[in-house]
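> fold the following.
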Amino acid sequence: MVEQKTVTLNMGPQHPSTHGVLRVVIELDGERVVRAEPTVGYLHTGIEKTMESKLYYKALPCTDRMDYLAPMSNNLGYCLAVEKLMDVEIPQKVQWVRVALAELTRIKSHLVWLGTHSIDLGAMSMLLYTFRDRESIVDVYEACGGQRMMTSYIRIGGLAHDLPIDFDKKMRAAVSQVKEGLADYENLLTSNEIFINRTRNVAVISAEEAVAWSLSGPMLRGSGVKHDLRKANPYSGYENFDFDIAFGTNGDAYDRYQLRLEEIRQSIRIIEQALDGMPEGPYRAHVPGVVLPPKEDVLYKMESMIFHFKIITEGFKAPVGSIYQAVESPKGELGFYITGDGTNMPRRIRVRPPSFINLAVLPRLVEGMMFSDVVCAIGSIDIVLGEVDR
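Numbering: from 1, shown residues only. As a prediction, this is how the structure comes out:
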């Protein structure tokens, strides 16, 4: 009688297709996966505990370092949470700018995903196209915040400073560039027989399983569940915009690819509405002692200078209580749970990272599939290890 043995293989943490320092211990029977166990923690930086030791304002840059491919989504979620805790009302102009930048961030994140996922499957050309189009988006980042990635432009109570003079022009140029690029993506991949064979009926998860695993974002909607926080629980004025929820039917890697392309189109639609109807008004809320006064006031008004100095050095004291605020990030539901204890630092900050939650379903996705498809399964989830490990 022939004894059957399985082989245990370590995939990562130094592996280009794990998109960071993810380690997956895979048990193989020949070429078929018997069991897979993701091992995380190689990029743990203690962001939550670091934020708890800082003033509310000074904790903001930590959020950029979680999902570093979608920094403004992180900024938005944290700022909305603190504003909810402090009961700060945001000007309409700020809300619309935040929506436009959040959708631009969604496009940028999906472009990076599309390029890297394609190169995982052997389509290297796509990476060149997507990074070409991403360049116009980081130009907007640089114009707004002076940084191409971790801008911290969205601040508690508003924005770091008013919009640059050429904001509208740069935004429309970025949107136009991505619009043209969408045709290239479709031509290269959508009907590509090799790409279809590598992704269709691969990493399938049903709607019931997606809900049971608490999945969110494209992982949930790709299985046919029409749940999007921008519609289900609107924030930052999303109820004023007309857009559709993209969703799939089969719950496989190919559906998630098509869904993300459609999300790019819907994000463009939202951005164009925001630019066309951008209201006038201040770029920060007027809440002395909580929200930093405009820089021009600090230079010429003694009262503003005093408030600026006190907020920067001492911060503000949050009331006793807990709040939870979630946003629809490119990867799913990004939530911030903050507990205030009456001091100028949060007693507890807990982040609900969509990458971490979605990664939990990986063993279920790859069980029984061919080893060559594992790369496709990991890529279709779209994880960032900075967010997974925090």
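
> ok, now which ones touch the closest residue to Val112 other than its chain neighbours?
In space, and not counting its chain neighbours, Val112 is closest to Leu69: 5.3 Å by Cβ to Cβ, 6 or more residues apart in numbering. Heads up, the C-betas are built off the backbone N, CA and C, glycines and all. By Cβ atoms under 8 Å, 6 or more residues apart in numbering, the contact list for Leu69 reads 108-109, 112-113, 330, 384.

> make sure Asn74 is actually in contact with Ser329.
Yes - if you go by Cβ atoms under 8 Å, Asn74 and Ser329 touch, sitting 7.4 Å apart.

> identify the contacts common to these two.
With Cβ under 8 Å, 6+ apart as the test, Asn74 and Ser329 both reach Asp67.

> what ranges do the helices span in the stretch 101-250 of the chain?
Under the criterion DSSP state H, counting those that start in this stretch, the stretch 101-250 of the chain contains helices at 125-145, 167-185, 193-199, 207-212, 218-221, 229-232.

> again, but for the stretch 251-390 of the chain
Under DSSP H, counting those that start in this stretch, the stretch 251-390 of the chain gives helices at 253-276, 295-300, 302-314, 354-359, 362-366, 374-381, 385-389.

> would you turn those into a markdown table with mean pLDDT, distance to Gln325 and mean neighbour count?
Output for these, formatted as a markdown table (pLDDT from 0 to 100; distance: least, Cβ to Cβ, whole Å; neighbours: other Cβ atoms under 10 Å):
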| stretch | mean pLDDT | distance to Gln325 | mean neighbour count |
| --- | --- | --- | --- |
| helix 253-276 | 95 | 20 | 21 |
| helix 295-300 | 86 | 27 | 12 |
| helix 302-314 | 88 | 21 | 14 |
| helix 354-359 | 94 | 14 | 24 |
| helix 362-366 | 93 | 27 | 20 |
| helix 374-381 | 92 | 24 | 24 |
| helix 385-389 | 89 | 17 | 24 |
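
> Ile264 is in contact with Asn186, correct?
Quick fix: residue 186 is Glu, not Asn. No - applying Cβ under 8 Å, one finds Glu186 not in contact with Ile264, separated by 11.2 Å.

> picking that back up, quick one: secondary structure of the residue nearest to Val112?
coil (DSSP: H, G, I helix; E, B strand; the rest coil).

> how much space between it and Ile378?
According to Cβ to Cβ, to the nearest Å, Leu69 stands 16 Å off from Ile378.

> Thr190: how many residues sit nearby?
Using other Cβ atoms under 10 Å, Thr190 has 13 other residues around it.

> can I get the helices of the stretch 101-250 of the chain in JSON lines including mean pLDDT and mean neighbour count?
Listed next are the helices of the stretch 101-250 of the chain as JSON lines, based on pLDDT from 0 to 100; neighbours: other Cβ atoms under 10 Å:
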{"stretch": "helix 125-145", "mean pLDDT": "91", "mean neighbour count": "19"}
{"stretch": "helix 167-185", "mean pLDDT": "93", "mean neighbour count": "17"}
{"stretch": "helix 193-199", "mean pLDDT": "92", "mean neighbour count": "16"}
{"stretch": "helix 207-212", "mean pLDDT": "94", "mean neighbour count": "15"}
{"stretch": "helix 218-221", "mean pLDDT": "94", "mean neighbour count": "27"}
{"stretch": "helix 229-232", "mean pLDDT": "94", "mean neighbour count": "17"}
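
> dump the ones you listed to CSV, plus distance to Thr151.
What follows is the helices of the stretch 101-250 of the chain, written out as CSV (distance: least, Cβ to Cβ, whole Å):
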stretch, distance to Thr151
helix 125-145, 3
helix 167-185, 13
helix 193-199, 33
helix 207-212, 32
helix 218-221, 24
helix 229-232, 21
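
> between the ones you listed, which one is nearest to Ile357?
helix 218-221 (8.9 Å; Cβ to Cβ).

> report how far apart the opening and closing residues of stretch 233-248 are.
21 Å (Cα to Cα, to the nearest Å).

> now stretch 253-265, how far from the chain's geometric center?
15 Å (Cα atoms, centre = their mean, to the nearest Å).

> re the thing from before, per-residue confidence at the residue nearest to Val112?
The score at Leu69 is 90. That number is its pLDDT.

> ok, the one 5 residues further on next?
Model confidence at Asn74, expressed as pLDDT, equals 94.

> could you do the one 3 residues further on as well?
The pLDDT attached to Gly77 in the predicted structure is 95.

> beta partners of the closest residue in space to it that isn't next to it in sequence?
With sequence-adjacent residues excluded and distances taken as Cβ to Cβ, 6+ apart, Gly77 is closest to Val327, at 4.3 Å. Beta bridges link Val327 to Leu334, judged by DSSP bridges.

> thought Val327 was touching Asn233?
No - using Cβ under 8 Å, Val327 is not in contact with Asn233; the gap is 9.5 Å.

> looking at the two, which has the bigger crowd around it?
Set Val327 next to Asn233 and count neighbours by other Cβ under 10 Å: Val327 wins out with 25 against 14.

> the nearest residue to Phe195 once chain neighbours are set aside and Pro13: what is the separation?
Nearest residue to Phe195 in three dimensions, chain neighbours excluded: Leu189, at 4.8 Å (Cβ to Cβ, 6+ apart). The spacing between Leu189 and Pro13, counted by Cβ to Cβ, is 28 Å.
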